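Chemist: Let me see the structure of the following:
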Amino acid sequence: MKRRSFLQATGITSLAMALSPHISMAHWQQEEKEYSILELMGKSTIDLHGKNINLVKEAHDAFIEMKRAAYSAGIDLKIVSSYRSFDRQQAIFEGKYIKYTDEGMEPLAAINKIIEYSTIPGTSRHHWGTDIDVLDGYQKVSGDVLVPSKYGEGQPYANFKKWMDENSVKFGFHLVYTDNSKRRGFKYEPWHYSYAPISIPMLEAFRSKNIVQLFRNETFLGSEHFTAGFLKTYIADNMLDINPKLL
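Modeler: From the prediction side, this is the model:
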C-alpha cells in the first residue's frame, strides 16, 4: 500500500473523525491527485479564492468557517500572508541575500540567516495555497507583528494563540513550525498554519521528487552556493522537521 493511501485509510481517517462538522470525511478521502512540479514550486497559476485570503477553495472555505467561529470569542482572524508565487518568494530571498551580503556576511552565512524564517524559492508551503500567516486583527500592534514574543502570555496575541491552540484543528488547520525545542529548521512561528487535508498530500508529492536535482537548474541570487549536502540538510530540517501532524 502506498504511504499516502495508508495515511488516508488509517491516521487521516481517525483525525477526520475528530474534526469539526465543517470538515467532512470527504475532505480527507480525496481522490489521488497528481501535482505537477510547477504547481508544487509555485511556478504555475492556481485557482485562488477570497479577497485578501487567496487560498485554494477547500482551504478558503475552511478558513471562513474558522473566522466566523473566532468572532464569537472576540477574535478577528486576519491573514497577513497566504499564497506566494515562486517569483514573490525569490524577491524576498534575494532582497535578504543582498542585504546580508552587503553588510559583509559570507554567502553561506547569509543563506543560513535567511532560512531561519524565509524559505528558498520553490520550497515554500505558501506556494500551495494552503498555508497562512494569521493574527488577531482587533489588536493594534506597532512594528513587526510576526515576532514570537508577541504571542506569549500577557502579550497582544496571547488570546489569539490560545484560541487557535484549542480550535484550529477542528477546521483542518495545524501550526507548522512548533516551539518543540528538539525541532530543527525554521524557527518557531506561532502565526503560520497549514490546511492539512491538502498540504499533506502536496508535501508527500513534493518529497517524492528529486529536489536536489531540481535546484541544479535554478539561477537566482545565492543559488550557486547550494551544494548537494546543503540541500539535503535543508530538506530534512526545514521542509520535513515540522509539526508531525502535517507529515
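Chemist: and Phe160, that one's in a strand?
Modeler: No: read with DSSP: H, G, I helix; E, B strand; the rest coil, Phe160 is helix and lies in no strand.
Chemist: Tell me who's in contact with it.
Modeler: Phe160 makes contact with Ile75, Leu77, Leu135, Asp136, Gln139, Tyr151, according to CB atoms under 8 Å, 6 or more residues apart in numbering. Where you see a C-beta, it was placed from the backbone N, CA and C, and this is true even at glycine.
Chemist: surely the first one meets Val134?
Modeler: No: counting by CB atoms under 8 Å, Val134 is not a contact partner of Ile75; they are 10.2 Å apart.
Chemist: Filter the contacts of Phe160 down to the ones in strands?
Modeler: Leu77, Leu135, Asp136 (DSSP state E).
Chemist: Can you add pLDDT and give the contacts of Phe160 back as a markdown table?
Modeler: Listed next are the contacts of Phe160 as a markdown table, based on pLDDT from 0 to 100:
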| residue | pLDDT |
| --- | --- |
| Ile75 | 98 |
| Leu77 | 98 |
| Leu135 | 98 |
| Asp136 | 98 |
| Gln139 | 97 |
| Tyr151 | 98 |
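Chemist: quick check, nearest of those to Met105?
Modeler: Nearest to Met105 among the contacts of Phe160, counting by CB to CB, is Tyr151 at 28.4 Å.
Chemist: With adjacent residues omitted, what lies nearest to that closest one?
Modeler: Spatially, and ignoring its direct neighbours in sequence, Tyr151 is nearest to Pro190 (4.0 Å; CB to CB, 6 or more residues apart in numbering).
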